[in-house]
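**Student:** I would like the atomic coordinates for the input below:
(4 chains)
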Amino acid sequence: MSTRFFEHADEAVAGIEDGSTVLVGGFGMAGMPVELIDALIRQGAKDLTVVSNNAGNGDTGLAALLAKGRVRKVVCSFPRQADSWVFDDLYRSGRIELEVVPQGNLAERMRAAGAGIGAFYCPTGAGTLLAEGKETREIDGRTYVLEYPIKGDVALIGAHRSDRMGNLVYRRTARNFGPVMATAATTVIAQVREIVETGSLDPEAVVTPGIYVDRVVQEAQRA
Amino acid sequence: MSTRFFEHADEAVAGIEDGSTVLVGGFGMAGMPVELIDALIRQGAKDLTVVSNNAGNGDTGLAALLAKGRVRKVVCSFPRQADSWVFDDLYRSGRIELEVVPQGNLAERMRAAGAGIGAFYCPTGAGTLLAEGKETREIDGRTYVLEYPIKGDVALIGAHRSDRMGNLVYRRTARNFGPVMATAATTVIAQVREIVETGSLDPEAVVTPGIYVDRVVQEAQRA
Amino acid sequence: MTATNTATGAGVPPARLGKHEMAALVARDIPQGSFVNLGIGQPTLVADHLPADSGVVLHTENGMLNMGPAAEEDEIDPDLTNAGKVPVTELPGAAYFHHADSFAMMRGGHLDICVLGAFQVSGRGDLANWHTGAPDAIPAVGGAMDLAIGAKKVFVMMTLFAKDGSPKLVPECTYPLTGLGCVDRVYTDLAVFDITPEGVEVTRTFGITVDELAERLDVPLLTA
Amino acid sequence: MTATNTATGAGVPPARLGKHEMAALVARDIPQGSFVNLGIGQPTLVADHLPADSGVVLHTENGMLNMGPAAEEDEIDPDLTNAGKVPVTELPGAAYFHHADSFAMMRGGHLDICVLGAFQVSGRGDLANWHTGAPDAIPAVGGAMDLAIGAKKVFVMMTLFAKDGSPKLVPECTYPLTGLGCVDRVYTDLAVFDITPEGVEVTRTFGITVDELAERLDVPLLTA
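**Tutor:** The predicted structure is shown next:
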């Protein structure tokens, strides 16, 4: 169904339910949908599972969501950072669950969710702690681990521009997880720096077609 | 290793061995690497397995390669066309093997080969003739078929432009199988309409990065 | 029993539908703003009946969203075709992508509606539309199996009876299957059928009564 | 036994190497035109030692090929970082792609060389570089496991001995593994080791003899 456009991030995140799995884009701050996360904090949904590459930095954004106690579980590749003190405290005091997923599996499992793949055999992690208890199979002499899709109820992503059909383009390495997450969630909400007229994006260079994008809001600080 | 550039298609296809699996891009004529196929005919490799969406049209290109008796097996989604008489004759007289693969499986199996996926569970074809004898699995109440990668020794693809690093862009629906096949073969050979200076393609719009492209030749009819 | 009259909406002709009338009927049932794939053959006609302001976005599996109408004369571009290899045009807001991305879109359930032709549909929604099963037929599936299993809703457009008079809505498909339990609705020249968990429901008829339909089909029919 | 002298190439210092010398050594071994991923930490230094005409293309797993050097002052762009989240620059011929495509590139074996740091490497090429296994450590893997299994060649850069004097080239890793049998070559401050099907081969030594190395390591050593 057609992409809807909102004036405020608060409207864009309306209706996110307690217990949702929320995919959060970004790699470090690049592509991080900070305004949507802030709106999600105001919106109040709790008992969330957050899927993101990291587990929050400093005291803002994802870290602020964690600090409010809204997140039951984090699924990520790299929770430990110099400034991940909010997550560190919650984890060490047993107040948050953690599933560490190799970064490529994180991306590929979300791609699988978006592409209708039921499960896939992947060489990453074979023979390691992170494959313990997982099904494996030898294929052509190599050991593969069976991995299942990660599907989101909601994805919050940051993009550079959207046209009026919700076609998105990103900028440089801020692209990272956005396009994959956009395929993997039931409701995809994008914060963009600029909304442009339909027809002004190069159809050869659209990265996320509007079919994947449910809601768009322009960043307030740029609006 | 760095992409190499050739003056003539004959140089670009040098060394393709008898018995190779050759991925051939294009959907109908869009994206079809006609000059590379013609060069492959002159080059003489035989006993080939050809993976392509169709099984040749008319008497030129892929059909001409088939007519020369160089192809042992065709793996494709749609061999039967109004003008596929070359393939039809070979097939009906038992002189060529055929593996019919649903178009999405064809694309996804090549993607898997390029992405290091050992095998994947896919809903397409479950319960049909094309899944007979294949392993299946119920996941979340749905039946999936286990599909294995299709890897090429060689890929012949058509693209629109290449820069001097082998970064490729395509044009409109001529993109089709090219980008996927470029990831799935040991040696990737592209015919392009135009070779442009490095730096003149938009890095946000490169579809096939040069890492995937081994050899490039400009179309003679445009050179 | 007046299912014929009550089920036939205003503006829909009471007589057996021609293929353009069927296409118009399908077009009318596609919600505003849907993402739709129209299969090769008759389903392609649906595009001609979508209102200009429908906001419906057409997908073609060879790698495009926002496909426009067939190209005419100097619009023809060999690099721009639909899945039937017919030259088409591009609408504003179009996007191109490669085959794996295009089929990921289909198979991942992102299209709202897919409209397909069929040889047979079973009462449970099994679809047969790719292969006659004739011993000398060259099998060719294309994207049919991917479309059948991927879209949120699968609509079939077909004549209700084959040229030999045999019904194409059947208890069990005798042709090789394209997909199991994948069809949601069947548009035919004589009636529209919804495939529901309870059975096959006749929602509209054209120039035939439900009793007559029930007599000519081996599938039990429910009426709305 | 003169492995020390014969294995030490011209221009390579005979004494224990500093980290920049190690980086220069790795850089010198990277063939012209290779596609390379440099892991976070010490491996990043390799970039500084690649000759301008090396044609080496750097990949960063957060979605870029042809990454340039670290960004300085007004070059800094928050949308352009490397995998260590350090602002970097773009070289002509760069390409951007999303995470699934980037890791498909890595996992599909398309990178020629990946250079990684390590806690331990075993004589069979097992790699441990993601987790100390300490009970209070927060596990964080990032892209390490994907890099370990994907590249055509995996080079490790590390000091040969830990601060407590224990060897990091070991018969069996005691730290949690990153990948099994994935390491091809180990560059250390004291020697370079090739992990071969026959065993660990010392190819160069720096300020130490092979006999001394053999005494301090529990892994059997072959000499070239």
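**Student:** Show me what counts as buried in the biggest strand by length in chain C.
**Tutor:** The single longest strand within chain C, with elements called by DSSP state E, is strand C:88-96. Residues of strand C:88-96 classed as buried by neighbour count (16 or more other C-beta atoms under 10 Å in any protein chain shown): C:88-91, C:93-96. C-beta coordinates here come from the backbone N, C-alpha and C atoms, glycine included.
**Student:** swap in stretch A:37-55?
**Tutor:** Using 16+ other C-beta under 10 Å as the test for burial, stretch A:37-55 gives A:37-41, A:43, A:45, A:48-55.
**Student:** Could you do stretch C:32-41 as well?
**Tutor:** Neighbour counts using 16+ other C-beta under 10 Å place C:34-40 of stretch C:32-41 among the buried residues.
**Student:** Give me the distance between the two termini of it.
**Tutor:** Counting by C-alpha to C-alpha, to the nearest Å, you get 23 Å between the two ends of stretch C:32-41.
**Student:** now check it, is it near chain A?
**Tutor:** Yes. Under the criterion of C-beta under 8 Å from any C-beta of the partner chain, chain A is reached by stretch C:32-41 at C:32-35.
**Student:** Please enumerate the helices of chain A.
**Tutor:** With DSSP state H as the definition, chain A shows helices at residue ranges A:9-12, A:34-43, A:62-67, A:85-92, A:103-115, A:178-184.
**Student:** Average pLDDT for the third one, rounded please.
**Tutor:** Regarding helix A:62-67, the rounded mean pLDDT is 96.
**Student:** so does it get close to chain D?
**Tutor:** No. With C-beta under 8 Å from any C-beta as the criterion, chain D is not reached by helix A:62-67; the gap is at least 13.4 Å.
**Student:** can I have that helix written out in CSV, keeping just the CAs?
**Tutor:** Extracted C-alpha coordinates of helix A:62-67, given in CSV (Å, rounded to 0.1, in the frame of the first residue of the first chain):
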residue,chain,number,x,y,z
LEU,A,62,19.1,3.6,21.4
ALA,A,63,21.0,4.0,24.7
ALA,A,64,18.2,6.3,26.0
LEU,A,65,15.6,3.7,25.0
LEU,A,66,17.5,1.1,26.9
ALA,A,67,18.0,3.4,29.9
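**Student:** ok, A:L23 - contacts?
**Tutor:** By C-beta atoms under 8 Å, 6 or more residues apart in numbering or on different chains, A:L23 lies in contact with A:51-52, A:110, A:150, A:152, A:154-157, A:177, A:181, A:184-185.
**Student:** strand partners of the longest strand of chain C, parallel vs antiparallel please.
**Tutor:** strand C:64-70 (antiparallel) (DSSP bridges).
**Student:** just checking, A:L90 touches A:L66?
**Tutor:** Yes. Assessed by C-beta atoms under 8 Å, A:L90 is found in contact with A:L66 at 6.0 Å.
**Student:** Please identify every residue contacting each of those two.
**Tutor:** Shared contacts of A:L90 and A:L66, defined by C-beta under 8 Å, 6+ apart, are found at A:I96.
**Student:** show me where chain C has strands.
**Tutor:** With DSSP E as the criterion, chain C has strands spanning C:35-38, C:57-60, C:64-70, C:88-96, C:113-117, C:120-122, C:127-128, C:153-157, C:169-170, C:185-187, C:191-196, C:199-205, C:221-223.
**Student:** Save those strands as JSON lines, and put in mean pLDDT too.
**Tutor:** As requested, the strands of chain C are arranged in JSON lines below (pLDDT from 0 to 100):
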{"stretch": "strand C:35-38", "mean pLDDT": "98"}
{"stretch": "strand C:57-60", "mean pLDDT": "98"}
{"stretch": "strand C:64-70", "mean pLDDT": "96"}
{"stretch": "strand C:88-96", "mean pLDDT": "97"}
{"stretch": "strand C:113-117", "mean pLDDT": "98"}
{"stretch": "strand C:120-122", "mean pLDDT": "98"}
{"stretch": "strand C:127-128", "mean pLDDT": "98"}
{"stretch": "strand C:153-157", "mean pLDDT": "98"}
{"stretch": "strand C:169-170", "mean pLDDT": "98"}
{"stretch": "strand C:185-187", "mean pLDDT": "98"}
{"stretch": "strand C:191-196", "mean pLDDT": "98"}
{"stretch": "strand C:199-205", "mean pLDDT": "97"}
{"stretch": "strand C:221-223", "mean pLDDT": "92"}
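**Student:** D:K153: which of these is closest?
**Tutor:** Closest to D:K153 of the strands of chain C is strand C:88-96 (C-beta to C-beta; 35.5 Å).
**Student:** what residue ranges in the chain score low on pLDDT?
**Tutor:** Assuming you mean chain A. Counting by pLDDT under 70, the ranges of chain A that qualify are A:222-223.
**Student:** wrong chain, I was asking about chain C
**Tutor:** C:1-13.
**Student:** residue boundaries of the helices in it?
**Tutor:** With DSSP H as the criterion, chain C has helices spanning C:3-7, C:19-29, C:99-107, C:144-150, C:210-216.
**Student:** Make JSON lines out of those and add mean neighbour count and distance to D:S122.
**Tutor:** Below are the helices of chain C laid out as JSON lines (neighbours: other C-beta atoms under 10 Å in any protein chain shown; distance: least, C-beta to C-beta, whole Å):
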{"stretch": "helix C:3-7", "mean neighbour count": "16", "distance to D:S122": "74"}
{"stretch": "helix C:19-29", "mean neighbour count": "19", "distance to D:S122": "64"}
{"stretch": "helix C:99-107", "mean neighbour count": "27", "distance to D:S122": "37"}
{"stretch": "helix C:144-150", "mean neighbour count": "30", "distance to D:S122": "45"}
{"stretch": "helix C:210-216", "mean neighbour count": "15", "distance to D:S122": "73"}
